[in-house]
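Engineer: Got a sequence here, can you build the structure:
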Amino acid sequence: MLLDVTPDVSDVSKVDPGVFEKWLQDMMPKAMSFFWSVVIALITWYVGMKIIKFIRKLIQKGFERRGIETGVRQFVDSVVKVILIIILIIVILNIFGIQTSSIAAAVASLGLTIGLALQGSLSNFAGGVLILVLHPFLVGDYIKEDTHGNEGTVKEISIFYTRLLTFDGKIVVIPNGTLANSSLTNYTKEGVRRLDLKTGISYGADIKKAREVLLSIGNDEEKRLKEKPLNVYVDELSDSSVIMNLQFWVRADDYWDVRFKSLEKIKYGLDAAGIEIPFPQLDIHERK
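Structural biologist: Sure, this is the predicted structure:
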């Protein structure tokens, strides 16, 4: 027996065509309202970022007129930027109908979690404040932090991190908390540095003659600070050589240039004087 499966289309005519139209009429105002909220939010973000940029430039110009240190300007600029962007985000959230009081309540309820999550960042922020207050180094100083041995010229002190430019052109980013809570060496804070050029000569060499050569190199150096002492002495009697040390002072900016050139002059000067610079040697004897 065959069953009649022909659909009964009589119920279709019973569907109220006004239901979809009513839903569409209800949704259109909401969709248009959301659309214009998005447009206004984008415009607000664009204009707000322009205003933030203008305010930051205004503050930096004020600092420059007053001769404020570069590191302080960089740190304050970072803080001002973060605060103004947070204010701008709150304004945009209000455009979408999200009240500031609701945001505050949500932040308060998650305060402990946020505090634990940002513990490291807060430590770095506090470290940045300590660096700016105590001035262990300034932008432009050459420093070495003793924890991991990173060293370089300070290029920027930001809200959470300090950036160093290494001698070979790399950027090292170090948390401010690490720099504030560990020992470091500032090579340029005093503006001058002492060169210690140690050279080994053989035990059979004439120490007086070697001293004359080293003194001559030191006296001929144009960038040597004449008001500072010039010394040459025996620094150590090692296993295979006598270690001579040439000491004199230069400006911190001239340190590396003078060091490299002086080492080359020492080699040529000792060679010309017939003074041997010992080096490890291995003698092989063949048994027949």
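Engineer: neighbours around residue 181, how many?
Structural biologist: The number of residues packed around residue 181, counting by other C-beta atoms under 10 Å, is 13. Placement of C-beta: from N, CA and C, glycine included.
Engineer: wait, I meant residue 179
Structural biologist: 26.
Engineer: where does it fall, phi/psi-wise?
Structural biologist: phi -70, psi -30 (degrees, to the nearest 10).
Engineer: got it, and residue 196?
Structural biologist: Backbone geometry at residue 196, expressed as degrees, to the nearest 10, gives phi -120, psi 100.
Engineer: Where does the prediction get shaky in this structure?
Structural biologist: Flagging of the chain using pLDDT under 70 yields the residue ranges 1-28, 30, 99-120, 281-283.
Engineer: which residues in the stretch 101-250 of the chain form helices?
Structural biologist: According to DSSP state H, counting those that start in this stretch, the stretch 101-250 of the chain carries its helices in the segments 111-117, 119-134, 176-180, 207-220.
Engineer: Please convert those helices to TSV, extending it with distance to residue 189.
Structural biologist: Output for these, formatted as TSV (distance: least, C-beta to C-beta, whole Å):
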stretch	distance to residue 189
helix 111-117	36
helix 119-134	12
helix 176-180	14
helix 207-220	25
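Engineer: okay but residue 191 is in contact with residue 250, surely?
Structural biologist: No - proximity of residue 191 to residue 250 does not meet the contact threshold set by C-beta atoms under 8 Å, at 10.5 Å.
Engineer: Which one's more surrounded, those two?
Structural biologist: Each of residue 191 and residue 250 had its neighbours counted (other C-beta under 10 Å), and the higher figure belongs to residue 250 (21 against 8).
Engineer: Go ahead and confirm that one touches residue 192.
Structural biologist: Yes - between residue 250 and residue 192 a contact is recorded at 7.0 Å, counting by C-beta under 8 Å.
Engineer: and the closest residue to residue 216 other than its chain neighbours, how many neighbours?
Structural biologist: Leaving out its chain neighbours, the residue that sits closest to residue 216 by C-beta to C-beta, 6 or more residues apart in numbering is residue 269, at 7.0 Å. The number of residues packed around residue 269, counting by other C-beta under 10 Å, is 19.
Engineer: which SS state does residue 269 fall under?
Structural biologist: Under DSSP: H, G, I helix; E, B strand; the rest coil, the three-state class of residue 269 is helix.
Engineer: quick one, what contacts it?
Structural biologist: For residue 269, the contact set (C-beta atoms under 8 Å, 6 or more residues apart in numbering) comprises 213, 214, 216, 217.
Engineer: Going by distance to residue 42, which of those wins?
Structural biologist: Nearest to residue 42 among the contacts of residue 269, counting by C-beta to C-beta, is residue 217 at 67.8 Å.
Engineer: any idea how far residue 188 is from the closest one?
Structural biologist: Distance of residue 217 to residue 188, computed by C-beta to C-beta, to the nearest Å: 24 Å.
Engineer: what does residue 29 give?
Structural biologist: 66 Å.
Engineer: For those two, indicate the residue with more neighbours.
Structural biologist: Between residue 29 and residue 188, counted using other C-beta under 10 Å, the more crowded position is residue 188 (19 against 9).
Engineer: All the strands of the stretch 1-150 of the chain, residue numbers only.
Structural biologist: The residue ranges that make up the strands of the stretch 1-150 of the chain, judged by DSSP state E, counting those that start in this stretch, are 142-145.
Engineer: Just want the most central residue of the protein.
Structural biologist: When C-alpha atoms, centre = their mean is applied to the chain, the residue found nearest the centroid is residue 163 (1.4 Å).
Engineer: I'd guessed it sits against residue 150; true?
Structural biologist: No - in this structure residue 163 lies outside contact range of residue 150 using C-beta under 8 Å: 10.9 Å.
Engineer: who touches both of the two?
Structural biologist: With contacts taken as C-beta under 8 Å, 6+ apart, the residues that reach both residue 163 and residue 150 are 172, 174.
Engineer: Tell me which residues touch residue 275, please.
Structural biologist: Residue 275 makes contacts with 201, 202, 205, 206, 209, 210, 213, as judged by C-beta under 8 Å, 6+ apart.
Engineer: re the thing from before, how near is the residue nearest to residue 216 to residue 263?
Structural biologist: Shown here: residue 269 relative to residue 263, a distance of 11 Å by C-beta to C-beta.
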